[in-house]
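In: Need the 3D shape of this:
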Amino acid sequence: MVSVALDWTLVAQLVTFLVLMFVLNQILFKPILNVLREREMLFEDLKGKAASFKDQLEQGEAEEKSERTGAVKEGEKAQNARKLEGQAEERSILEKAQAESAGRLEDAAKDLEAQVAEAKKGLEAEARTLGLDIAQKLLGREIRA
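Out: Below you'll find the predicted structure:
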């Protein structure tokens, strides 16, 4: 029959294991989990902003369509009153509305691209810093970038 004798080494190993788990949890696991949570919140925020920009773009398109429809109706009324004069006025109103809507769409697209580029730059810088921090913590020494 096999018997197991319990002595002080088992207690010492158990205490060492518990201390190691506590230290690893404080130094490694919690900071990494916090960074991952922060990054997830940042991505969610960026998704929300992108959705907001998309809504603004759709709203701009709806306004542009509404303006276009109004311009067409106005042109038709003027055409009924003064046929020749109305046709020239209709063309100018439509061209103006199209140019204005194209300008608005172009401005909105540029703003969106600029904000996306700015967000990417911020994320890239944060990713580099995060990578260096993680590498330094894992290696236990300072790393120069």
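
In: Now do stretch 42-60: distance to the chain's middle.
Out: On the basis of C-alpha atoms, centre = their mean, to the nearest Å, stretch 42-60 sits 8 Å off its chain's mean C-alpha point.

In: Could you pull out the buried residues of it?
Out: L46, F53, L57 (16 or more other C-beta atoms under 10 Å). Heads up, the C-betas are built off the backbone N, CA and C, glycines and all.

In: Any chance you could list what contacts it?
Out: The contact list for stretch 42-60, computed with C-beta atoms under 8 Å, 6 or more residues apart in numbering, reads R104, L105, A108, A109, D111, L112, Q115, V116, A119, L123, E126.

In: Tell me the buried residues within the residues you listed.
Out: Using 16+ other C-beta under 10 Å, the buried ones in the contacts of stretch 42-60 are R104, A108, L112.

In: which helices and strands does the host helix or strand of the second one pack with?
Out: Translated: A108. Assigned by DSSP states H and E, A108 falls within helix 83-139. Taking 3 or more C-beta pairs under 8 Å, 6 or more residues apart in numbering; DSSP states H and E as the contact definition, the neighbouring helices and strands of helix 83-139 are helix 30-81.

In: can you give me the angle the helix it packs on makes with helix 83-139?
Out: Using axes from the mean of the first three to the mean of the last three C-alpha atoms, to 10 degrees, one finds that helix 30-81 and helix 83-139 are set 180 degrees apart in direction.

In: pLDDT on helix 30-81, on average?
Out: Here the mean pLDDT over helix 30-81 is 91, rounded to a whole number.

In: 562 is where my numbering starts, stick with that
Out: Okay, residue one is now 562; in that scheme the one you just asked about reads as helix 591-642.

In: And that helix, how far out from the chain middle?
Out: With C-alpha atoms, centre = their mean, you get 14 Å for helix 591-642.

In: again with stretch 651-668
Out: From the chain centre to the centre of stretch 651-668 is a distance of 30 Å (C-alpha atoms, centre = their mean).
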